[in-house]
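In: Build me a model from this:
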Amino acid sequence: MNETVVCVVGNVATQPVYREPASGPSVRFRLAVTSRYWDREKSVWTDGHTNFFTVWANRQLAVNVVASVEVGQPVVVQGRLKVRTEVRDGQQQWASADIDAMTIGHDLARGTAAFVRAAKPEAQPAVTRPEPNWETPRPADTDAAAATGQDVSQQAQEPAMVT
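Out: The predicted model follows:
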């Protein structure tokens, strides 16, 4: 369970793409993260290098992202970082950094958001099973004695042999 969990703050760079395969809803989008630093010579903030991540979200998070996130919005993404490298037929080697998101939210340091709780999905009706009959059935001779009005407690009971 050695995973690299990251928290990244950036801007949504592409429109979220929603898919619903048999395994459940999924969405992906690109996130641009630009570092900023103070340039002492110019006395201004300057943009540094921009990193791009492909963010993947699944299940209910995917549904909520599609309804909430748009291109250009500042977001905070927390998830598992996966870096892949690949070489394609005679081309240069390239790397991609993906984040399997656990949490995605708007960066409230740069704007406001109105939270709306997602409706719970309709629960499938549970299959009801009949309640078992927990009463111990009376032995046959007890039924016969009770029918004739005899006192069952005075009858001699033979011990049952267990094999």
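In: Low-confidence ranges, this protein, go.
Out: 1, 121-127, 140-163 (pLDDT under 70).
In: The protein: helices as residue ranges?
Out: 59-68, 140-148 (DSSP state H).
In: dump the residue contacts of S96.
Out: Residues in contact with S96, defined by CB atoms under 8 Å, 6 or more residues apart in numbering, are 54, 83-84, 86. C-beta coordinates here come from the backbone N, C-alpha and C atoms, glycine included.
In: Among these, name the ones in strands.
Out: Mapping the contacts of S96 onto strands (DSSP state E) picks out 54, 83-84, 86.
In: could these go into a markdown table alongside distance to R110?
Out: Output for these, formatted as a markdown table (distance: CB to CB, whole Å):
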| residue | distance to R110 |
| --- | --- |
| T54 | 22 |
| V83 | 27 |
| R84 | 30 |
| E86 | 34 |
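In: Going by neighbour count, which of those comes out on top?
Out: T54 (17 neighbours; other CB atoms under 10 Å).
In: Would you mind measuring from that residue to G79?
Out: 11 Å (CB to CB, to the nearest Å).
In: list residues touching both of the two?
Out: I99.
In: which residue packs closest to the spatially most central residue of the chain, ignoring adjacent ones?
Out: Nearest residue to the geometric centre of the chain (CA atoms, centre = their mean): R59, 5.9 Å. Counting by CB to CB, 6 or more residues apart in numbering, R59 lies nearest to G24, which is 5.2 Å off, once chain neighbours are set aside.
In: residues in contact with that neighbour?
Out: Here G24 is in contact with 58-59, 62 (CB under 8 Å, 6+ apart).
In: and those residues as CSV, adding distance to K42?
Out: Converted to CSV, those look like this (distance: CB to CB, whole Å):
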residue, distance to K42
N58, 44
R59, 47
A62, 43
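In: of those, closest to L31?
Out: Distance to L31 across these (CB to CB) is lowest for A62, with 15.0 Å.
In: Quick one: neighbours of that closest one, just the number.
Out: A62, neighbours per other CB under 10 Å, totals 22.
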